[in-house]
Each structure stands twice: as structure tokens, then as C-alpha cells.
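Visitor: just the structure for this:
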Amino acid sequence: MSSSKNRKVDNESRVYQEKWTNDYYFIQIKDKPMCLLCSESVSVIKEYNVKKKKRKEIDNISLSCRTVTRRIDELATNVELGLKRLYLQFKYFSLTIDESTDVSNIAQRVGVFVRRIDEDLNITEEMLGLRGMKDTTTGEGIFQELKMLMARFNLHFKNFHDLSTDGVPVMIGSKAGLVSKISSELASMNIDTKDLSIFYCIIHQENLCAKSLKFEYIMSKIVLSIIFIKSRALNHRQFKEFLEDIEAEYGDLAYYCEVRWLSKGKMLKRFYDLRSEIFTFLEMKGKSMSELSDDG
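Guide: Model (predicted):
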């Protein structure tokens, strides 16, 4: 009885657990857990102590409106600095610009997205900025906002390659549109505009191209296979367990809805990535799909 009361911690085989890093923000330093929030260690390696230390540090964090605002500003500044360092590696870049209203249909917003490529052909896409427009939205106004954003991130028109936007007059107007303003700016800098590619309403063009392709046969086969797996509770459950057992890239299939036509590409990609797993599962169920095999 006395031995149980006087037992030592060393004899309890308490060791640091890797999950404490994500759960409690602790790392192991010299065989002791150290808190990443306060840089202090816990003397006794015990989950209760680690959890208690984390709770104490979080309770001490001020969550006033001023503190939260300051932290958001600091995070935004950190992200901006990271983007500026990334943009210094640009070889060429393209822009996508969208002009729309907010949920109240009052305030005008212009979203600018940038896609860049470096010398190693690495492609990166980021949101460059979201600008609020005052009064009436014009091509000149959007162009001035774009110039300010580019100056803020040290982007230069000499590396500008193409522009994607919608087809409204404020964007593609022949005289006062954004495209016209950009072309004039390039001409004033003695940059040949022949190499500038302009795309608008590209997503609708992609939809028309997709409809013109003859996908009926293969689409019907794929959709029927997905319905066979997902519409039956037993099949669906067994298929998800099968994917989990073999540690597949995805945990389930994606449904296709013809009304939401953008779902077609996602559904086809998911099906293609899981084609070998689907073929195996259908074979197990006695419902083969020869198109998925090399001999089909």
C-alpha cells in the first residue's frame, strides 16, 4: 500500500506524445514538453499538465476589439510582405479582373487576381486585391485602381502578358473601357500590344465548348457507375470503407448535376483519379466496367 503512495513519476513511463504539438501547441525540448505560446516547459510529462498549461495561456490572451483588429492588421501585413517577395520572382504575369456589387447591390467592388510564372515555369495564383469603387464605375476608375495595386506590389506592365475579364462595356469598351486604357498605357511605354492576349467571358466559352463535345456515351457510363455506388447505402458505405482501407487519394466520389455544369469537370477528375479503385470495387460487386480496364 505504501509503495503505491510513494511511487515515482519516472516509473510511470510517461513520454511525450506527437499529437500534443497540434492539440496543445507543445514541442519536445530536452525530453520536456515546451509551450510554443509562452516558451515555458512542463516539469511533469503528463497530458493533464500540458492541457492545463495551454488553457491558462489562452485564457490570458486579450480578445478585445482593439486587440483582434491589430492582430488582423498584422496578419494582413505579413501576407502582403510574403506576396511582395513572391512577386519579385515574376518572369511574366497575367491578371483577371471582375467588377460586381456586394450583397446589398449598392457598393461596387473590383476584384483583381494575378497569375504568375517564374523562370522554372512554376505557376502561382493569388488575389491581388479587392477595391471599392466610388460613385459610378468607369474604365478609367478601374484602371487607376489597378495601377495603384500594381505599384503597391511592384508589378510592371513590361511583364504583363494577358488579361481576363467579363464582357461589359466598362471592361472592353473600344474607347473608355479598361482594355483600351491598358493598351494606351502599354503604347505610351513603347510596349508592343500585339503580344497582349485579352480574354472575356471565358468561362461561358468553356461551357459552350464542353457542350459541343460528344460526351454522351462516356458520361452515361460514368454517371451510371456513380449512381450504382452512391445511391445504394450499402454500396456507398462499403466503397468509402474500401477507399479508406487502401488509403486512396479521395474518400468518396462526386455527384454530377447538369444544372450546375461546373460540377462536370470536378466529377470527371475525381472519377479519373479513382478509376482503378472504382474498377476493383465494381468487379467485387459483379458489375464490371470494361472501359476502365486496359483491355476495354
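Visitor: what's the distance between residue 54 and residue 219?
Guide: Residue 54 sits 51 Å away from residue 219, going by C-beta to C-beta, to the nearest Å. All C-beta atoms are positioned from the backbone trio N, CA, C, and that covers glycine.
Visitor: the two - which one has more neighbours?
Guide: Comparing residue 54 with residue 219 by other C-beta atoms under 10 Å, the one with more neighbours is residue 54, at 19 against 16.
Visitor: separation between the more buried one and residue 63?
Guide: From residue 54 across to residue 63, the span is 16 Å (C-beta to C-beta).
Visitor: how many neighbours does the closest residue in space to residue 275 that isn't next to it in sequence have?
Guide: Spatially, and ignoring its direct neighbours in sequence, residue 275 is nearest to residue 292 (5.3 Å; C-beta to C-beta, 6 or more residues apart in numbering). Counted with other C-beta under 10 Å, the neighbours of residue 292 add up to 20.
Visitor: for residue 18, same thing?
Guide: Neighbours of residue 18 (other C-beta under 10 Å): 9.
Visitor: pretty sure residue 133 is touching residue 141, no?
Guide: Yes. With contact defined as C-beta atoms under 8 Å, residue 133 counts as touching residue 141 (5.9 Å).
Visitor: so between those two, which is more surrounded?
Guide: Legend: neighbour count by other C-beta under 10 Å for residue 133 and residue 141, higher for residue 141 (20 against 16).
Visitor: which residues does the more buried one contact?
Guide: 133-134 (C-beta atoms under 8 Å, 6 or more residues apart in numbering).
Visitor: secondary structure element for it?
Guide: Element membership for residue 141, per DSSP states H and E: helix 139-152.
Visitor: distance between that helix and the chain's centre?
Guide: 25 Å (C-alpha atoms, centre = their mean, to the nearest Å).
Visitor: now stretch 89-97
Guide: 18 Å.
Visitor: and it, average pLDDT?
Guide: If you average the pLDDT over stretch 89-97, you get 84.
Visitor: with stretch 276-294 instead?
Guide: 83.
Visitor: show me which residues of that stretch are buried.
Guide: Buried residues in stretch 276-294, counted by 16 or more other C-beta atoms under 10 Å: 277-279, 281-282, 289, 292.
Visitor: same check, this time on stretch 134-144
Guide: Neighbour-count burial for stretch 134-144, counted by 16+ other C-beta under 10 Å, picks out 137-139, 141-143.
Visitor: so where do the helices sit in the protein?
Guide: Using DSSP state H, the helices of the chain run over 2-5, 19-24, 47-59, 65-87, 139-152, 169-172, 178-188, 202-212, 216-230, 233-245, 263-273, 275-284.
Visitor: need the ones you listed in TSV with distance to residue 160, can you?
Guide: Conversion of the helices of the chain to TSV gives the following (distance: least, C-beta to C-beta, whole Å):
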stretch	distance to residue 160
helix 2-5	76
helix 19-24	42
helix 47-59	46
helix 65-87	13
helix 139-152	9
helix 169-172	16
helix 178-188	8
helix 202-212	18
helix 216-230	39
helix 233-245	44
helix 263-273	28
helix 275-284	40
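Visitor: out of those, flag the one nearest residue 95.
Guide: In terms of C-beta to C-beta, the element of those nearest to residue 95 is helix 139-152, at 7.6 Å.
Visitor: angle of the closest one against helix 65-87?
Guide: Angle, helix 139-152 to helix 65-87, by axes from the mean of the first three to the mean of the last three C-alpha atoms, to 10 degrees: 80 degrees.
Visitor: tell me the contacts of residue 291?
Guide: So residue 291 contacts 218, 221 (C-beta under 8 Å, 6+ apart).
Visitor: do you know how far it is from residue 136?
Guide: For residue 291, the distance to residue 136 - C-beta to C-beta - is 55 Å.
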